[in-house]
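Q: Sequence below, structure please.
(chains A and B)
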Amino acid sequence: MDSIGRSSEEESPLIYGLEHQARALCSQTISTIGADVTFVRFLVGTQSLQTSNQVHLLEYSEETNNLSKAFFKHDGGEIWSINCCPKNPRLITTCYSPTSSSRTRDCLCSLYELPSDIVDSLADKDYSTPPSLNKLCDFKSNSNVGRTSIWQPEDGNQLMTFEDRKIILWDIETKQSTWSTAIDPTSSTTKASNKLTKITTIRWSPHSNCSIIAAALGNNVYARDIRCKSSSFAFYLNAHSQQVRDVDFNPNAQYYMATCGDDCEYKFWDVRNPTTPAITMLNHSHWVWSIRYNQFHDQLVLTCSSDSRVNLTRINSLASQPFGQLVDPDESDLSEVGDQSVISNNTTSNTGQNKLEDELICSFEEHEDSVYAAEWSASDPWIFASLSYDGRLVINKVPKKEKFSLLF
Amino acid sequence: MSSSGSGKTSREKKFLLKEYYKPEEMIPENGSIDIGDLFNVNSPDFNADLYLSKLLKECNISQLMDKEDVLRRQIQSLDNEMQTLVYENYNKFINATQTIKKMSNHFDKMEEQLAELSSNMEKITVSSEEISKNLATRRQDLSKLSATDGVLKKLQFLFDLPPKMKTYIEEKKFDEAIAAYNQAVGTLSRYSHFPSIEAIDHECEQILDKLRQELYNQLQDSDINTQQLAITINLLLGLKESPLQLSSAFLETSKKALNVNLAELEKETNNFIQQQKSTSEDIQKMDILEYMDVASNGFASNLSAIITSYKEIFIQKLALNDSVDENHLIDNLKTFVNTLMESFFSQIKTRLSIEPFNTLEIAFFVRSLDRLYRRLQALSNIFGYQNFTSDAFNIIWDSSAAQCSKALELSKTKFHEELVNARHAIVSLTSHEAEDKTSLSDIVVSLETSLSESIKNTVKSLSVFSAPDLSFLIKTNFRDDFILDVREKVVASMLKHVISLSSEHQRANSSGTPLLVLLLSRLNLDLDLTMISYLINFTEEQLYISRDMKPYPHLTELKQAAKDCAQNLINNYVRLEGHSLSQMIKKSIETRDWSSGVEPRSVRSVMKRVVEDVSLIDSQVAQLYEEGSRTERSSDSSRSRNAMSGIGLPSSRSYSRSNWSSYGASTIDNSLISNIQKLFGERIEIFSLVEFSKLSIVTGIIKIGLKTFLESVRLCTFSTFGLQQVQVDLYYLQTHLWRFVTDENLVHSMIDEVLRSTINRCVEPVLMEMSIIERLCDGQ
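A: Numbers count the residues shown, from 1 in each chain, chains lettered A, B, ... in the order given. Below you'll find the model as predicted:
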């Protein structure tokens, strides 16, 4: 299926098929490598109950439009999520379900170390016999571990995991729990939610010395300041009419964040006014599973949904550096035509929801199953990857027109 | 006495006689003697010889004889006549001489008498001279006395003046007092150098001052009526008070009276407001017509009376007087009237603005406006310097617009109430469904009827504003503007309001129940299809829109808005119902531990509940929307549940068989098959536009539910028995849901996908025998 809204001269997306179902995707950070060498790398964890699972390290070369691959056996079980340390590309954590049928836990979280030679380019290497990952430790807690873990975004010296309604911070050096808190909405004045509701996902703000964390719980998002001892929330969003699936903090603007959920909407918030969303977008026709700000140009937001679409949205009005005045009118006209075809193709209407400059740039339709994860490359601001459940990884680029309008 | 004539010749005598008797014939002038005259006996130029010769020539002897005879006879008669004449004249002469003789005798006597008379006269003259000499001294005394008498009388009047004036004033005969003073004032001023006169003058002045004071007091008196006021002012004018000053005093006093009227009006307004606040009915309300009567009879008529008398007193009377600045007086009046009219208008405005819209009393309202307009027209005619009709017209226009907006508000509240009723009806519908007879379609019909009735009633009642007998319709384009206003600001905005109110429910987080959303979508669809055109047409007909007026320009926009709203609402309905279905499925999957459990014995109750809910939704939607069309299937796909169970397999037998049995060996194959299938299948949009038909709506809901099933299953891990339970559930759903959807293949493919995902999520996937599944489903 051709993606709509891009001209024919645009490079075609690179599609890579995994043999197994997969949900876990993350971008590998390679900041320890010399500044002159940067790789666009993604880590994918497979999810298969019947066969052994793997972690794929994929390196994208823009010149050749090729992928170089490295496989690692993941013996623990099917991977729900994979996360890479922001400072050390060799350190990854996975959340996985153990394979054994007589398991005591639904989900575990472990820290692994990748082989040392992965810091160099994968292009020449041959990983025909996948080595196992070197497990460093488990982050065990009392009850079931949540299906995601988050590295401390600045130093990478801490890891955040969650249980049913509890958030735990771990020190990577000591592998010990340093801090924990219960997200208990009934204690606050906010609308009491079901006792059975569990945390869906968590997110760590890169601002304020990485002291703000957010947890999606049911239809709401709760944020805590980890410096604060009391159980009160830093802020609280009654975010969606259905379950909240993902949360992301704007990497450059302290108070802006984005949420997405089962009501097919994704919303943008100024948390200083937590009662109403600043922008609400309705461009998906099913649950929106993930929302990610571009780390370099936070106007660009990536969402993916179980309607098997990946949407790239421009949010100018709530970006750290508003732009758009310099857009060439001819170009914007052309992109508008493209967008209109997307909107007409996309069945839900979003009229009156967004301002002129806040709009869907492009909808990518290379997937044929639900897309559960989409990530920007940590090194190239114009490249992103999305992973659908049938194991298809698609690496796409921001349309050139959009790129130029951002750069010039 | 003189006998001179006797000595003359007969010829001369004859001439004299002729002169005396003045014969008929004029004497012809000499030289031009007619020949005929020579032969005429009577002519003076008669020539006897010629005549004779002529006769001799012409006549025979007998004729001559005859002629001679005639002539002789003539001569004889003439001689006789002459003799008589001479005698008569002679008698006259004798008489005359006798008379003359007598006269001369009388004259002699007269002379004697005259001499006697003259001597007597001389005597009289002497004696009269004597008398006059004697009387002369007396006469001077008398004239002196009579002059003194006159002065004394005048003085008496002056001295009496103060007490007289006092009495007059005591008797309230001010005008006489003033007249008396005005008589004396000349004298007083002339002789003011006499101390006594000056004292009188002074006293009079004092009295007049008092009078003035009293009159001014009267002027200040607020109870004074216009007539009294006019009299007083006239009196003061008689006192030579300054007209300007008086005019302002007059207006000042009048203003008090009018202010009383205004205060009365204000009080009424306040009363009205209070009555509106207090719901108690016992206080007598003054309706708008009464109010307007009070306003026009009180204020307006007083004002016109004042204007009339002002004009009479000051402007007309003093117009001749050069010393008074007429323009100044008129200006005074103008400012006076303007200020008062201003506050009057503001009063009227306040009152009109608080008048509630009432379909029954709107006619009174219009009547009162009409009355106001007429009154002000009359007033303007009286006033003459300024026309208040345009102000009045503005007030009327404003208040009619206010009434329109109030009517709109009223319809809005009515619609809100109806909506609340509809909500209650829906609640009762869902709570005691069995006994309650009202159906959704009834609720929609009643909602639509009440909406159109309320708009129609409003338009009808507002149509009195364009009644032909209203005075303010003449010469203005009020009517056309009003019609446009009603159409745009009442009918269209009411419809817009309904649409916007409905569209509040088109977002997922609205407070409305799904049924209300469904109901509103139907309402908006009907608005688009029929009601908007109908109501706009009705309005135009009811108000007798003129032919050259444009039809409603925003009709298509309005209809489109209603249609969009209906579409959004139905989408939202699908979303809401889909979500509640999803929620049920999600909960049932999330809360169960699928990795452990026993072999399935029956369909899970949740699935039965799902089917029940879907059939309930189906029946509810069927009340409001038509069935819609199904996608054409091949002939072998019989649609009865019996046929399926009878054959033992779903109708799309080969297709299903291959899918249902091929799993288990290799998941790679599975994903391959699923990918291939997807390659050829159409992408299924989950939350998508639905059509306004029952099948499309229910299909949308089922799609959402099944998709949720899929996503939920993918997050779980299943044991063999868990998988088999899902298998049973899915089969149950498949056999029940197909009849609700437009395309049963859609259900099949989605259920297949759920099953495939469940197999993938199963640790040891072993499928249940088809026959056992069927038996379990039948044995529910």
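
Q: Kindly tell me how buried residue B:729 is, as a neighbour count.
A: Residues within reach of residue B:729, counting by other Cβ atoms under 10 Å in any protein chain shown, total 28. C-beta: built from backbone N, CA, C; applies to glycine.

Q: For residue B:623, give its distance to chain A.
A: As for residue B:623, its distance to chain A is 26 Å (criterion: Cβ to the nearest Cβ, to the nearest Å).

Q: close enough to count as contact, that residue and residue B:445?
A: No: contact criterion Cβ atoms under 8 Å: residue B:623 and residue B:445 do not qualify, at 10.6 Å.

Q: Just want to know which of the two has more residues nearby.
A: Residue environment comparison for residue B:623 versus residue B:445 gives the larger neighbour count to residue B:623, 16 against 13, counting by other Cβ under 10 Å.

Q: is it true that residue B:346 lies in a helix?
A: Yes: membership of residue B:346 in a helix is supported by DSSP: H, G, I helix; E, B strand; the rest coil.

Q: burial measure for it, as a count.
A: By other Cβ under 10 Å, 13 other residues sit near residue B:346.

Q: Same check on the one 3 residues further on?
A: Residues near residue B:349, counting by other Cβ under 10 Å, number 15.

Q: repeat for residue A:293
A: Counted by other Cβ under 10 Å, the residues lying close to residue A:293 total 25.

Q: Equivalent analysis for the one 5 residues further on, please.
A: The burial count assigned to residue A:298 is 21, neighbours taken as other Cβ under 10 Å.

Q: how far away is it from residue A:201?
A: Residue A:298 is 20 Å from residue A:201, where distance means Cβ to Cβ, to the nearest Å.

Q: likewise residue B:372?
A: Spatial separation of residue B:372 from residue A:201 under the definition Cβ to Cβ is 71 Å.

Q: what's the answer for residue B:488, then?
A: 52 Å.

Q: helix/strand/coil for residue A:245?
A: Going by three-state DSSP, the secondary structure assigned to residue A:245 is strand.

Q: and it, what is it in contact with?
A: Taking Cβ atoms under 8 Å, 6 or more residues apart in numbering or on different chains, we find residue A:245 in contact with A:200-201, A:216, A:260-262, A:287-290.

Q: Surely residue B:733 and residue B:613 touch.
A: No: with contact defined as Cβ under 8 Å, residue B:733 and residue B:613 do not form a contacting pair (11.9 Å).

Q: I'd like the mean pLDDT over stretch B:127-141, please.
A: Looking at stretch B:127-141 alone, the average pLDDT works out to 87.

Q: Then stretch A:252-272?
A: Computed over stretch A:252-272, the average pLDDT equals 89.

Q: Report the buried residues of that stretch.
A: Neighbour-count burial for stretch A:252-272, with 16 or more other Cβ atoms under 10 Å in any protein chain shown as criterion, is recorded at A:252-253, A:255-271.

Q: Same question for stretch B:762-770.
A: Residues of stretch B:762-770 classed as buried under the neighbour-count rule (16+ other Cβ under 10 Å) are B:762-763, B:765, B:767-768, B:770.

Q: coming back round to it: intersect the buried residues of stretch A:252-272 with the contacts of chain B.
A: Of the entries in the buried residues of stretch A:252-272, the ones placed beside chain B under the rule of Cβ under 8 Å from any Cβ of the partner chain are A:262-265.

Q: can you map out the helices along chain A?
A: For chain A, applying DSSP state H gives helices covering A:329-345, A:400-407.

Q: So residue B:696 versus residue B:573, what's the distance?
A: For residue B:696 relative to residue B:573 (Cβ to Cβ), the value is 12 Å.

Q: ignore the last one, residue B:128
A: Counting by Cβ to Cβ, the separation of residue B:128 from residue B:573 is 142 Å.

Q: what about those two, which has more around it?
A: The neighbour comparison of residue B:128 against residue B:573 (other Cβ under 10 Å) goes to residue B:573, with 30 against 10.

Q: quick one: the helix or strand containing the more buried one to chain centroid distance?
A: In this structure, residue B:573 sits in helix B:555-590 according to DSSP states H and E. Relative to the centre of its chain, helix B:555-590 is centred 49 Å away, using Cα atoms, centre = their mean, to the nearest Å.

Q: what about that helix and chain A, touching?
A: Yes: Helix B:555-590 lies within reach of chain A by Cβ under 8 Å from any Cβ, at B:568, B:571, B:575, B:579, B:582.

Q: Report all helices and strands that that helix contacts.
A: Helix B:555-590 is packed against helix B:493-503, helix B:514-526, helix B:532-542, helix B:605-624, helix B:694-713, with contacts defined by 3 or more Cβ pairs under 8 Å, 6 or more residues apart in numbering or on different chains; DSSP states H and E.

Q: among the helices and strands of the chain, which has the poorest mean pLDDT?
A: Let's take chain A. In chain A, no helix or strand scores lower on mean pLDDT, DSSP states H and E than helix A:329-345, which sits at a mean of 41.

Q: right idea, wrong chain: chain B
A: The helix or strand of chain B with the lowest confidence, counting by mean pLDDT, DSSP H and E, is helix B:641-647 at a mean of 32.
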